[in-house]
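> Let's see this in three dimensions:
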Amino acid sequence: MKNIQYPIKFSFRITTLSNDFTATDATGSTIAYVRQKMFKLKEAITVYSDTSKNQVLFTIKANKWLDWSAAYSMLDANGNEIGKIARKGWRSMWKAEYNIIDQHEKLQYRVQEASVWTRMADSLVGEIPVLGFFTGYMFHPTYNVTDVNGDIVVKLKKKPSFFGKEFEVEKLSDIEEDDKERVMLGLMMMIILERRRG
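Numbers count the residues shown, from 1 in each chain. I've put the predicted structure just below:
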């Protein structure tokens, strides 16, 4: 995932049992295919170079058993840890909040849901028969990635689509080259978790 060209689009596949999506850049080129391992006691996803699944780029897996405050380690193709994304415990129950941490255990970025009301409306209406199919066009949760100074550097937004299967990642300011993959991997893991929560 070098030389990432924003915006990035996450497109979930709704015809498979697995929780998976393709990430494409501004040119329409596939930069990753993300697949969640099914029926695991611990959360885990694999990031491939494309849908052929011939080349594993990264894996992300929970450090401990499923828990409101689980941390997820990001590992490169050689198994080296390059960072973590950690959910902010019970504070994330109503409004998603995560920390992106580097390989030296240093906090670098925070991911926060912009509006708790959008999440609640999306979840509630999604439970109504028939009407629930259209929530992807009605409600669009947004997640802001902020640096240690509180400045927004990246924004992830749900796009209008059936079943809420389309998301877009937009870069608002410069990110250190070493951090770009860590931020992208953190968002990939987060959206798998948050999409499942509703």
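
> Show me the shaky parts of the chain.
The chain contains residues with pLDDT under 70 at 15-17, 39-42, 64-69, 89-94, 115-140, 161-164, 196-198.

> Counting neighbours, which bits of the lengthiest helix in it end up buried?
When the chain is scanned for its longest helix (criterion: DSSP state H), the result is helix 177-197. Buried positions in helix 177-197, judged by neighbour count with 16 or more other C-beta atoms under 10 Å: 179-195. C-beta coordinates here come from the backbone N, C-alpha and C atoms, glycine included.

> if I look at G186, how far off is R195?
According to C-beta to C-beta, to the nearest Å, G186 stands 15 Å off from R195.

> Check L185 too.
16 Å.

> In the protein, what residue spans correspond to helices?
Taking DSSP H to define them, one finds helices in the chain at 116-126, 135-138, 177-197.

> Okay, strands next: where are they in this structure?
Along the chain, counting by DSSP state E, strands occupy 8-12, 20-24, 30-36, 44-48, 56-62, 71-76, 81-87, 97-102, 107-113, 142-147, 152-158, 166-171.

> Dump those strands into CSV; add distance to K2 and mean neighbour count as well.
Putting those into CSV (distance: least, C-beta to C-beta, whole Å; neighbours: other C-beta atoms under 10 Å) gives the following:
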stretch, distance to K2, mean neighbour count
strand 8-12, 13, 20
strand 20-24, 13, 20
strand 30-36, 9, 20
strand 44-48, 13, 20
strand 56-62, 10, 18
strand 71-76, 12, 20
strand 81-87, 14, 20
strand 97-102, 18, 20
strand 107-113, 19, 19
strand 142-147, 19, 19
strand 152-158, 17, 20
strand 166-171, 15, 19
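
> which one of the ones you listed lies closest to M1?
Distances from M1 to each of the strands of the chain were compared using C-beta to C-beta; the shortest belongs to strand 30-36, at 5.2 Å.

> coming back round to it: as CSV, the strands of the chain with distance to M1 would be great.
Formatted as CSV, the entries for those read as follows, by distance: least, C-beta to C-beta, whole Å:
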stretch, distance to M1
strand 8-12, 9
strand 20-24, 8
strand 30-36, 5
strand 44-48, 8
strand 56-62, 7
strand 71-76, 11
strand 81-87, 12
strand 97-102, 15
strand 107-113, 16
strand 142-147, 16
strand 152-158, 14
strand 166-171, 12
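
> Identify the bridge partners of I45.
Beta-bridge pairing of I45, defined through DSSP bridges, involves Q36, I60.

> got the contact list for it?
When contacts are counted by C-beta atoms under 8 Å, 6 or more residues apart in numbering, I45 is found next to V34, R35, Q36, K37, T59, I60, K61, M188, M189, I192.

> N3: which of these is nearest?
Closest to N3 out of those is M188 (17.5 Å), distances taken as C-beta to C-beta.
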